[in-house]
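Asks: Quick one, what's the 3D model for this:
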Amino acid sequence: MAAEFLTTYSWIFWLALILIFVIIEVATVDFTFLMIAVGSFAGLIAGLFGIPWWAQVIVAGVVSLILIFVVRPALKRALSKGGDATPSNVAALLGLAGTVTTDFVAGQGHVKLANGETWTAKLSGLTDVEVIGAGDRVVVTAIEGATAVVIPAERNPS
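Replies: Next up is the predicted model:
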């Protein structure tokens with residue numbers, strides 16, 4: 001009697017689970033709960049064919065696992081392809097050339113970078129150059145807080 005009741009009304013259980021998993025997926029956007037929701041839908045379909053409730057759970061579990069381990073990685077790869085590969089924030093400043101705007105005193109000064117921003121700068125400990133004057137070219141090697149760490153750019157012999 002109880003098994004027949006569970007099999008008859010399992011569709012309500014599956015719809016509730018699908019709804020819960022879709023809501024969680026919308027909040028997380030990781031495709032894990034979407035795969036579980038689709039697996040639950042497979043359980044719902046199995047129930048509509050009159051399959052016993054315990055077999056519906058097995059169908060839902062198997063389909064969910066297959067989707068999580070086969071479809072989800074391919075889906076994530078496909079959606080991340082074509083993302084903007086342009087560096088931003090600190091990564092966009094590394095390697096950027098600039099021009100010294102004020103003479104460096106005690107290893108610190110100001111530089112105007114190629115992107116138009118003016119930064120407080122300090123000499124990198126990796127260089128043995130001690131004097132950099134206004135107009136000299138530099139390259140950003142790191143960002144420490146609001147300070148660009150720079151080294152002198154190589155000069156082209158004329």
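
Asks: what residue is smack in the middle of this protein?
Replies: Among the residues of the chain, S80 comes closest to the average C-alpha position under C-alpha atoms, centre = their mean, at 8.8 Å.

Asks: per-residue confidence for that residue?
Replies: As predicted, S80 sits at a pLDDT of 80.

Asks: what's the answer for P157, then?
Replies: 49.

Asks: how about the strands in the chain?
Replies: Using DSSP state E, the strands of the chain run over 97-105, 108-113, 118-123, 137-144, 147-152.

Asks: Ok, which of these comes nearest V38?
Replies: Nearest of the strands of the chain to V38, taken as C-beta to C-beta: strand 137-144 at 44.3 Å. Every C-beta, even on glycine, is put in place using the N, C-alpha and C of the backbone.

Asks: Packing partners of the closest one?
Replies: helix 90-93, strand 97-105, strand 147-152 (3 or more C-beta pairs under 8 Å, 6 or more residues apart in numbering; DSSP states H and E).

Asks: Can you tell me what sits against the shortest one?
Replies: Helix 90-93 has contacts (C-beta atoms under 8 Å, 6 or more residues apart in numbering) with T86, L113, N115, V140, I143, A148.

Asks: would you list the helices and strands packed on strand 137-144 in TSV and tack on distance to G50?
Replies: Below are these laid out as TSV (distance: least, C-beta to C-beta, whole Å):
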stretch	distance to G50
helix 90-93	58
strand 97-105	72
strand 147-152	70
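
Asks: tell me the pLDDT at D84?
Replies: Note on D84: pLDDT of 68.

Asks: if we can go back for a sec, the strands of the chain into JSON lines, with extra columns for distance to V90 and mean pLDDT?
Replies: Shown next, in JSON lines, are those (distance: least, C-beta to C-beta, whole Å; pLDDT from 0 to 100):
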{"stretch": "strand 97-105", "distance to V90": "15", "mean pLDDT": "91"}
{"stretch": "strand 108-113", "distance to V90": "12", "mean pLDDT": "93"}
{"stretch": "strand 118-123", "distance to V90": "12", "mean pLDDT": "92"}
{"stretch": "strand 137-144", "distance to V90": "5", "mean pLDDT": "93"}
{"stretch": "strand 147-152", "distance to V90": "10", "mean pLDDT": "92"}
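
Asks: out of those, which comes closest to V29?
Replies: Nearest of those (C-beta to C-beta): strand 137-144, 30.3 Å.

Asks: Okay, buried residues for the closest one please.
Replies: R137, V138, V139, V140, T141 (16 or more other C-beta atoms under 10 Å).
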